[in-house]
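*Asks:* Make a model of this:
(chains A and B)
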Amino acid sequence: MENISLDPRFQRAKLPELDEEVILNASDSFVTFEVFHQKKKGTHHSHVGIVHAPNAEMAMVFAKEQFARRGATSNLWIVESSNVLAMDYTDSDIFDTTPDKQHREAGIYKTRDKIEKYQAELPNTKQD
Amino acid sequence: MSELNNAKAELINYLADSLLILGHRNGEWTGIGPVIEEDIAFGSMAQDKVGQARQLYELLHSDFGYSEPDTFAFTRTAEQFKCPQLVELPIGDYAFSLMRHFLFDQADLIRFEMLSSSSFVQLNQFANKFKGEIKYHVFHANTWIKQLSKATDESKIMLQTALDALWPYAFAMFEPGPNDALLIENGVFDGEKALYDKWFETISTLLNTYQLNIPNISDETIGRGGRYGYHTEYLQPLLTEMTEVFTIDPSAEW
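*Replies:* Next comes the predicted model:
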């Protein structure tokens, strides 16, 4: 079918017939990169999404406009998605009982009284 | 206005017109860029350029008595524009637009670096304000040209073809300004010759790295005269389109 779109991408594309076998080489498609955004120097980088690009440098070019076009940014990281080791979702039972372990939450310990008592016993240094 | 002030105003006018026209041209890729991420990136940089132009027009208005930025930008004819012919050429294919972006922005980076130590305080404040934006524009341009120069034979040929066509226009971009001597003498700007020398050193190193050939210039008159109001047939249609909405009602409040 003749494509009459003015869009240069369609003008260039020669789509194969459907009965042809399509073989994709590594260089035929972009690689996926994960993008991490840091708002302020010293804070952590947060995962904000992905970009597709032929290499990390091109991914950085794209990520700047996809994920850092509004608000404050101090830094970006680009990581090829295949370099991320992810846990299998079927293994998430590992975490089943974690929410029960209240003794690991700092909030459950009542320490305010002890702190205030300790402070009251300290010699008053402010008058020096 | 004193002779020096005239010279400063002419320089700002030249810078602003170059940025406005290239910004408009590059904006024509919006919606038809090669991939969506690049469409957004190229459009954003075009916006940056128009934004920089607007701030420079503001300075002409506030410090040199020129008319309001919108009026000044949208009511002049082609021969009243001071932009180099390089920026007014149609967008061509993507290799052509990328190559122009590469050639122009490298010069833009060096120009504003030079202006960051200008004796003209307002201009060096702008230079410091724009430097991050321009740094990304150059990073974007260099990364793309590097990528396409080593991607396929087709992409490399397209780049070289674009470079061959654009090179005389890029060279002509550095035609001397009418007041270069006065600007140099007063520490406002080191002049187009100094800018060209730095630009050529950088650009030729990069082109060698990308294994692209630096074309010979057989006719040095090609592409010249833009700063003095001599333009190609392509500028007036651009201006007509750019001012289409404004001219419906020039007194409208936006």
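*Asks:* Could you pick out the residues of chain B near chain A for me?
*Replies:* By CB under 8 Å from any CB of the partner chain, the residues of chain B that approach chain A are B:32, B:34-35, B:37-38, B:40-41, B:44, B:93-94, B:136, B:139-140, B:143-144, B:146-147, B:151. From N, CA and C alone the C-beta is placed, and that goes for glycine too.
*Asks:* For A:His37, list the residues it contacts.
*Replies:* Under the criterion of CB atoms under 8 Å, 6 or more residues apart in numbering or on different chains, the contact list for A:His37 reads A:45-46, A:48, A:67-68, A:73, A:75-76.
*Asks:* Could you rerun that using 7 Å?
*Replies:* Contacts here follow CB atoms under 7 Å, 6 or more residues apart in numbering or on different chains; on that basis A:His37 touches A:45-46, A:48, A:67-68, A:73, A:76.
*Asks:* Equivalent analysis for A:Arg69, please.
*Replies:* For A:Arg69, the contacting residues are B:Ser44, by CB under 7 Å, 6+ apart.
*Asks:* Report whether A:His44 is found in a strand, as I expect.
*Replies:* No: counting by DSSP: H, G, I helix; E, B strand; the rest coil, A:His44 is not part of a strand but coil.
*Asks:* and the residue nearest to A:Lys64 when sequence neighbours are not counted, what helix or strand is that in?
*Replies:* Distance criterion CB to CB, 6 or more residues apart in numbering or on different chains; nearest residue to A:Lys64, sequence neighbours excluded, is B:Tyr136 at 6.3 Å. Under the criterion DSSP states H and E, the helix or strand holding B:Tyr136 is helix B:121-149.
*Asks:* now swap in A:His47 and tell me
*Replies:* Following DSSP H and E, one finds A:His47 within strand A:46-53.
*Asks:* Can I get that strand as PDB, trimmed to CA atoms?
*Replies:* C-alpha atoms of strand A:46-53 as PDB (Å, rounded to 0.1, in the frame of the first residue of the first chain):
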ATOM      1  CA  SER A  46      14.800   8.400  42.600                       C
ATOM      2  CA  HIS A  47      13.800   6.100  39.800                       C
ATOM      3  CA  VAL A  48      11.500   8.100  37.500                       C
ATOM      4  CA  GLY A  49      11.000   6.000  34.400                       C
ATOM      5  CA  ILE A  50      12.700   4.700  31.300                       C
ATOM      6  CA  VAL A  51      13.900   5.900  27.900                       C
ATOM      7  CA  HIS A  52      14.800   4.000  24.800                       C
ATOM      8  CA  ALA A  53      18.000   4.900  23.100                       C
END
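*Asks:* give the contact list for B:Ile203.
*Replies:* Taking CB under 7 Å, 6+ apart as the definition of contact, the neighbours of B:Ile203 are B:103, B:106.
*Asks:* quick check: angle from the strand or helix carrying it to helix B:121-149?
*Replies:* Using DSSP H and E, B:Ile203 sits within helix B:192-209. Relative orientation of helix B:192-209 with respect to helix B:121-149: 20 degrees, computed using axes from the mean of the first three to the mean of the last three CA atoms, to 10 degrees.
*Asks:* ranges for the helices of the stretch 1-150 of chain B?
*Replies:* Listed from the start of the chain, the stretch 1-150 of chain B has helices (DSSP state H, counting those that start in this stretch) covering B:3-27, B:36-64, B:69-74, B:85-88, B:94-115, B:121-149.
*Asks:* In the first one, which residues are buried?
*Replies:* This points to helix B:3-27. For helix B:3-27, the neighbour count (16 or more other CB atoms under 10 Å in any protein chain shown) marks B:7-27 as buried.
*Asks:* Show the secondary-structure elements that the host helix or strand of B:Gln236 is packed against.
*Replies:* Under the criterion of DSSP H and E, B:Gln236 resides in helix B:235-242. Of the remaining helices and strands, those touching helix B:235-242 by 3 or more CB pairs under 7 Å, 6 or more residues apart in numbering or on different chains; DSSP states H and E are helix B:3-27.
*Asks:* list the helices and strands the helix it packs on packs on?
*Replies:* Counting contacts by 3+ CB pairs under 7 Å, 6+ apart, helix B:3-27 is packed against helix B:36-64, helix B:85-88, helix B:94-115, helix B:180-185, helix B:235-242.
*Asks:* residues contacting the most centrally placed residue in chain A?
*Replies:* Relative to the mean C-alpha position of chain A, the nearest C-alpha, by CA atoms, centre = their mean, is the one of A:His47, at 1.5 Å. Contact analysis of A:His47 by CB under 7 Å, 6+ apart lists A:34, A:36.
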